[in-house]
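Enquirer: how would this look folded up:
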Amino acid sequence: ERFRSEAQKRLMRIMRESLTMIDAAADQIGKRFLSDAQPPTFLPHEEALQNTKQQPTILPTTLCRMKRPHTARLVLENNWDATDTNETKAVLYHSLDNSREYHGVPLSPMEFEMDDAPALEALLISGTNGDGNSDGNDCSWVEVQDLVHTGSIDDKVELVNCLVGEGLLLVCQPEELEEQRLVLMEQMKQEEKEEDEVDDDEQMKQKEEEEDEVDDELCGF
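Expert: Okay, here's the model as predicted:
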């Protein structure tokens with residue numbers, strides 16, 4: 001009984017220590033996943049929303065979202081500055097700059113202040129429709145002014161500008177979103193039409209093959 005009680009105490013201590021390491025372990029796995037990943041290939045409707053070479057003008061009402069969800073991870077890391085002061089930073093890792101060659105390019109983390117962390121977290125989950133999949137619906141977009149930040153609106157705009165410059169975000173104005181939605185719907189209709197034409201061709205070909213088989217069987221009599 002004494003042995004069992006002592007073993008239980010030691011196991012509980014190990015479990016408590018393990019629970020404190022779960023977040024750090026998950027961050028390490030997430031960083032390894034991003035390091036191993038191929039750079040994303042963007043779909044036609046994502047390409048249509050790509051920004052031009054010029055830096056877009058970011059306004060408080062500008063809509064923004066991740067260019068491709070699940071390509072970045074926010075990690076809180078303790079960094080030592082020049083004065084040997086331990087300071088916690090919000091560090092963003094992403095796979096957009098990865099090479100097609102395995103580990104050809106190391107991850108280039110972006111370092112932010114802790115005040116930026118809530119806004120970064122909101123942006124990282126943008127571009128999804130609730131089940132982790134990307135879509136083009138307006139529910140996946142976030143207005144710059146709605147980002148959670150203890151600073152001013154200028155801080156929010158600066159943060160979005162930084163992520164746009166890194167190629168992580170898509171941005172558009174509210175009036176442009178409806179135009180992009182119409183373009184996307186037209187593209188989807190065209191794709192469905194092309195698929196129907198392919199199906200019709202395949203059915204016609206199959207019908208001709210069946211008729212040829214029947215003719216061959218009749219010739220055998």
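
Enquirer: what about this protein, any weak spots by pLDDT?
Expert: Residue ranges of the chain with pLDDT under 70: 44-54, 80-85, 128-139, 210-221.

Enquirer: thinking in terms of the whole chain, how far from its middle is whichever helix in it runs longest?
Expert: If you go by DSSP state H, the chain has its longest helix at helix 174-219. The chain centroid and the centroid of helix 174-219 are separated by 31 Å, computed with C-alpha atoms, centre = their mean, to the nearest Å.

Enquirer: before we move on, what about stretch 102-119?
Expert: Chain-centre distance of stretch 102-119: 14 Å, with C-alpha atoms, centre = their mean.

Enquirer: Pull out the C-alpha coordinates of it and format them as CSV.
Expert: What follows is stretch 102-119, C-alpha atoms only, in CSV (Å, rounded to 0.1, in the frame of the first residue of the first chain):
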residue,chain,number,x,y,z
TYR,A,102,13.1,19.6,-49.1
HIS,A,103,14.4,22.0,-46.4
GLY,A,104,15.9,24.1,-49.2
VAL,A,105,15.1,27.3,-47.5
PRO,A,106,14.9,27.7,-43.6
LEU,A,107,11.9,29.3,-42.0
SER,A,108,12.1,33.0,-41.6
PRO,A,109,10.1,34.0,-38.5
MET,A,110,8.5,37.4,-38.1
GLU,A,111,8.8,38.9,-34.6
PHE,A,112,6.0,41.0,-33.1
GLU,A,113,5.2,42.6,-29.8
MET,A,114,2.7,40.8,-27.5
ASP,A,115,0.1,43.5,-28.1
ASP,A,116,-0.1,42.2,-31.7
ALA,A,117,-0.8,38.6,-30.7
PRO,A,118,-4.7,38.8,-30.5
ALA,A,119,-4.9,40.5,-33.9
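
Enquirer: How about it, which residues are buried there?
Expert: 109-110, 112, 116-117, 119 (16 or more other C-beta atoms under 10 Å). All C-beta spots, glycine's among them, are computed from the backbone N, C-alpha and C.

Enquirer: would CSV of those with distance to Lys207 and secondary structure be doable?
Expert: Formatted as CSV, these follow (distance: C-beta to C-beta, whole Å; DSSP: H, G, I helix; E, B strand; the rest coil):
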residue, distance to Lys207, secondary structure
Pro109, 59, coil
Met110, 58, strand
Phe112, 62, strand
Asp116, 62, helix
Ala117, 62, helix
Ala119, 59, helix
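
Enquirer: For Leu96, state which of those residues is nearest.
Expert: Leu96 lies nearest to Met110 out of the buried residues of stretch 102-119, by C-beta to C-beta, at 11.1 Å.

Enquirer: end to end, how far does stretch 123-143 reach?
Expert: End-to-end distance for stretch 123-143: 10 Å, by C-alpha to C-alpha, to the nearest Å.

Enquirer: Is the residue nearest to the spatial centre of the chain in a helix, a strand, or coil?
Expert: By C-alpha atoms, centre = their mean, the chain has its centre lying nearest to Pro69, at 1.2 Å. When classified by DSSP: H, G, I helix; E, B strand; the rest coil, Pro69 comes out as coil.

Enquirer: you'd agree it is up against Ile125?
Expert: Yes. Counting by C-beta atoms under 8 Å, Pro69 sits close enough to Ile125 to count as a contact (7.4 Å).

Enquirer: From the buried residues of stretch 102-119, pick the one nearest Gln180.
Expert: Closest to Gln180, out of all of those and judged by C-beta to C-beta, is Ala119, at 23.5 Å.
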